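Chemist: Sequence first, predicted model second:
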Amino acid sequence: MPLVDMPVHLPYLVRRAGAAGVTFSPGRVGSPAAATREWPVVVNCAGLGARELAADPTVYAALGQHVVLADPGLEELLIELTTEPEWVSVFPHGTRVVCGGIRRPGVEDTTPDPTTVRRILDRCVRAVPALADAEILGTPVGLRPERPSVRVEAERLGSALVVHDYGHGGNGVSLSWGCAARVRELVEGVGRTG
């Protein structure tokens, strides 16, 4: 299973894309059709924003919360595989350890919940006692964009192509390579088929 430190990984991807000639233009896009007026190929990776951008009512938020601790020197990760809404995950990233996890579908209030923090800590310390006295560095909360299945498909809008790639939930990193390869196939298919 890939273990990625997102604050390191995302800037790396931006640098790699820039080196490949990608330019970034921050701004708001109201619809895929609006984007195709400027670009002939648009890749919609809007995550939770796909509810509005792609007018996809099947997209919903699933709240996730972590507890970030100072790393006491862990060298192995731990993740409990379960279908339950709470589980044990311990991901060491050098100076810090990201502990989790929870999944709360339909919850969009990103205020950290102290009771959830306590439950995460209790589960993780039981599994990894070395975390018992680790300093709490943060309690980040985020929204994972989910839908009944990941959407990776092409849609023609006039002469333009929109490739949708969203709905990965908490599996974005794990699915990223395969989904990116499929997006590339769909985009490159435009050149072959006109």
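Modeler: That came in fine, so what should we check first?
Chemist: Spell out which residues make up each domain of this structure.
Modeler: Listed domain ranges for the chain are 6-16+26-59+147-193, 67-139 (source: automatic domain parsing).
Chemist: For my notes, please list these in JSON lines and give mean neighbour count and mean pLDDT for each entry.
Modeler: The way it works is simple: take the backbone N, C-alpha and C, and place the C-beta from them, glycine included. Output for the domains of the chain, formatted as JSON lines (neighbours: other CB atoms under 10 Å; pLDDT from 0 to 100):
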{"stretch": "domain 6-16+26-59+147-193", "mean neighbour count": "15", "mean pLDDT": "90"}
{"stretch": "domain 67-139", "mean neighbour count": "15", "mean pLDDT": "96"}
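Chemist: tell me the secondary structure for F91?
Modeler: Three-state assignment for F91 (DSSP: H, G, I helix; E, B strand; the rest coil): strand.
Chemist: name the helices or strands packed onto the helix or strand hosting E52?
Modeler: Element membership for E52, per DSSP states H and E: helix 50-53. Contacts defined by 3 or more CB pairs under 8 Å, 6 or more residues apart in numbering; DSSP states H and E place helix 50-53 against strand 160-168.
Chemist: got a list of contacts for the strand it packs on?
Modeler: With CB atoms under 8 Å, 6 or more residues apart in numbering as the test, strand 160-168 has contacts from 32, 35-36, 39-47, 50, 54, 56, 58-59, 144-147, 149-156, 175-176, 179-180, 182-183, 186-187, 190.
Chemist: Please go through this protein and pick out the longest strand.
Modeler: Identified as the longest strand of the chain according to DSSP state E is strand 141-157.
Chemist: Paired strands for that strand, with orientation please.
Modeler: strand 60-65 (antiparallel), strand 160-168 (antiparallel) (DSSP bridges).
Chemist: End to end on stretch 92-99, go ahead and measure it.
Modeler: End-to-end span of stretch 92-99 (CA to CA, to the nearest Å): 9 Å.
Chemist: distance between that stretch and the chain's centre?
Modeler: Taking the mean of its C-alpha atoms, stretch 92-99 sits 18 Å from the chain's own mean (CA atoms, centre = their mean, to the nearest Å).
Chemist: try stretch 47-67
Modeler: Relative to the centre of its chain, stretch 47-67 is centred 10 Å away, using CA atoms, centre = their mean.
Chemist: again, but for stretch 37-44
Modeler: When distances are taken as CA atoms, centre = their mean, stretch 37-44 is centred 22 Å away from the chain's centroid.
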